[in-house]
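K.L.:
Compute the structure for the input listed below.
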Amino acid sequence: MFSFLVNNNNKGKRNNGQDPFSSEEVQTKSATLRGISSNMWWDKVRAGLSQRFNFEGIVSAVTVVARDRRLAVPHIAVPDIRWVDWGELKRRGVQGVVFDKDNTLTCPYSLAVWTPLVESLEQCRSVFGGNVVIFSNSAGLDQYDVGGVKKPAGTAEDIEKYFGCPSSVLVMVGDRHFTDIVYGNRNGFLTILTEPFSLAQEPFIVRQVRKLEKSLVNNWYQKGCRPTNHSLLSEAKKCVKDPAL
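P.N.:
Residues are numbered from 1 along each chain as shown. Okay, the predicted model is just below:
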């Protein structure tokens, strides 16, 4: 369930350096996204309900806690995407990047990339070209993608078909342990966890669940729980940088 294609240069389309979430860009892609509603108020209400009632996520969380806590532990954790060296990731074997949207690239339910992250996202796009997509629960509602499923449910089959490579050479970047990271680890991605940068617009219950997730995973990590094995992990650890340097 892809909510937006950040760049499509290798599929015969170019966005000429525009903000991937500018109003003009969204309008031109509205047909392929099955008609994003112009009633933004109602969209936000539905988005909020979607965030509150991710039944797949609830079932998955119970399973993770009971059976395999490693799935919720990211391979790499950074403050935000500015800490990722995209060029180095590609040199070390990564072929594409899958982003979560809310609190990874944008404020919740916003279409505009958070200003401090624009440069890093552009660097990512320049490195990977069309092999950059967004896979978002909040944007992927039924009115946008009929029959779509939410992370962490679903397989990587459609993503692998789009990229033309196995998920083992793709990166999943997101801010939630029990959705983004569990989905990525379960399907063989290299997973990168970022910190959220805007909690004020999130529903109260989402903020509380987020705190619980972080507390649980930190506790498991302190007790020796480590992420799932990944062939690129040792190389990927060398791809974290300090953006201030």
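K.L.:
For this structure, which residue occupies the most central location?
P.N.:
Central residue check for the chain by Cα atoms, centre = their mean: the C-alpha nearest the mean position is that of D100, 1.9 Å away.
K.L.:
so what's that one closest to, chain neighbours aside?
P.N.:
In space, and not counting its chain neighbours, D100 is closest to G174: 3.4 Å by Cβ to Cβ, 6 or more residues apart in numbering. From N, CA and C alone the C-beta is placed, and that goes for glycine too.
K.L.:
Quick check, pLDDT for that neighbour.
P.N.:
pLDDT for G174: 97.
K.L.:
Could you measure from it over to C165?
P.N.:
G174 sits 20 Å away from C165, taking Cβ to Cβ, to the nearest Å as the criterion.
K.L.:
Would you mark the buried spots in stretch 197-205?
P.N.:
Taking 16 or more other Cβ atoms under 10 Å as the neighbour-count basis, stretch 197-205 is seen to contain the buried residues F197, E202.
K.L.:
Which residues does the lengthiest helix in the chain contact?
P.N.:
Among the segments of the chain that qualify as a helix by DSSP state H, the longest is helix 204-222. Contacts with helix 204-222, where a contact means Cβ atoms under 8 Å, 6 or more residues apart in numbering, come from 51-52, 61, 65, 69, 72-73, 176-178, 196, 199, 202.
K.L.:
Name the residues of stretch 226-241 that are buried.
P.N.:
In terms of neighbour count (16+ other Cβ under 10 Å), stretch 226-241 has its buried residues at P227, T228, H230, L232, E235, A236, C239.
K.L.:
Next, the contact list for the fifth one, please.
P.N.:
Residues in contact with E235, defined by Cβ under 8 Å, 6+ apart, are R92, G93.
K.L.:
returning to that earlier point: more crowded one of G174 and C165?
P.N.:
Here G174 and C165 are set side by side on neighbour count (other Cβ atoms under 10 Å), and the busier one is G174, at 28 against 15.
K.L.:
before we move on, back to that, let's see which of the buried residues of stretch 226-241 end up in helices.
P.N.:
Where the buried residues of stretch 226-241 overlap with helices, as defined by DSSP H, the overlap consists of E235, A236.
K.L.:
Need the buried ones from the contacts of helix 204-222 selected in ChimeraX.
P.N.:
In ChimeraX, the members of the contacts of helix 204-222 classed as buried (16+ other Cβ under 10 Å) are selected with the following command:
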select :51,61,69,72,73,176,177,178,196,202
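K.L.:
With respect to L105, which of the contacts of helix 204-222 is nearest?
P.N.:
Using Cβ to Cβ, P196 is the member of the contacts of helix 204-222 that lies nearest L105, at 11.4 Å.
K.L.:
Setting aside sequence neighbours, what's the nearest residue to that closest one?
P.N.:
Residue nearest to P196 in three dimensions, not counting chain neighbours: N103, with 3.9 Å by Cβ to Cβ, 6+ apart.
K.L.:
measure the one you found to R92 for me?
P.N.:
N103 is 27 Å from R92, by Cβ to Cβ.
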